[in-house]
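In: Just to be clear, the model below is a prediction. Sequence and coordinates:
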Amino acid sequence: EGVSLSMLVMTVFNILLSKICGQEDLVTGIVTAGRNHSDIQGIIGMFVNTLPLRNYPEPGKTFKHFLSEVKESMLDGFEHQDFQFEDIVGLLGIAGDAGRNPLFDVMFSYDTDPGTQDDTVGGLGELNVSLVPYDNKTAKFDLTLNAHETADDLLLSFEYCTALFT
């Protein structure tokens with residue numbers, strides 16, 4: 001169908017969410033790298049942006065039709081990813097709540113393995129940088145699906161608010 005694996009997983013995730021919550025109008029947040037311009041590729045820093053994507057997994061739709069809709073939603077979102085999340089919230093005039101995200105409660109995060117099989121991330125001269133395991137105990141959203149694509153596998157993990165789900 002001309003979709004990426006992330007679009008396929010997002011489609012299945014939206015169907016799952018629709019079944020769990022009984023809703024046919026979902027807004028899911030996704031993360032973008034925020035490095036669309038070649039002039040910032042070599043700059044150190046966080047350029048991450050969050051995009052709210054709205055999808056409608058209605059029961060009468062075929063999977064193929066809904067997959068096509070999610071593809072278009074994601075492509076449209078990526079086309080406008082330079083528009084900052086805070087600006088969207090401001091334009092919508094949504095009042096802030098320190099404990100809640102103003103547009104969505106569910107996040108979808110998808111990343112790919114750069115092909116490194118060990119924990120070495122890189123280095124600068126004699127300085128080597130490696131990954132350190134960290135066990136996070138705080139959910140940033142009600143529910144997050146983290147998908148990690150490696151050369152051989154697709155690893156999925158859920159992070160969720162334990163006050164909401166048992």
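Out: Cool, got the structure.
In: what element comes up after the helix or strand of the chain with the lowest mean pLDDT heading to the C-terminus?
Out: Confidence across the helices and strands of the chain bottoms out at strand 120-124, with a mean of 57, counting by mean pLDDT, DSSP states H and E. Remark: after strand 120-124, the chain's next helix or strand is strand 127-130, criterion DSSP states H and E.
In: what packs against the helix or strand following that following strand?
Out: Past strand 127-130, heading to the C-terminal end, the next element that is a helix or strand (DSSP H and E) is strand 143-149. Other elements packing on strand 143-149 under the criterion 3 or more CB pairs under 8 Å, 6 or more residues apart in numbering; DSSP states H and E are helix 5-21, strand 106-112, strand 154-160. Quick note: C-beta positions are derived from backbone N, CA and C, even for glycine.
In: Neighbouring strands of strand 143-149 in the sheet, and parallel or not?
Out: Based on DSSP bridges, the strands next to strand 143-149 in the sheet, each with its direction, are strand 106-112 (parallel), strand 154-160 (antiparallel).
In: Low-confidence stretches in the protein?
Out: 34-47, 114-125 (pLDDT under 70).
In: Try it again at 50.
Out: When residues are selected by pLDDT under 50, those of the chain lie in 116-119.
In: Include mean neighbour count and distance to residue 127 when you put the strands paired with strand 143-149 into a markdown table, please.
Out: Output for the strands paired with strand 143-149, formatted as a markdown table (neighbours: other CB atoms under 10 Å; distance: least, CB to CB, whole Å):
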| stretch | mean neighbour count | distance to residue 127 |
| --- | --- | --- |
| strand 106-112 | 18 | 24 |
| strand 154-160 | 13 | 29 |
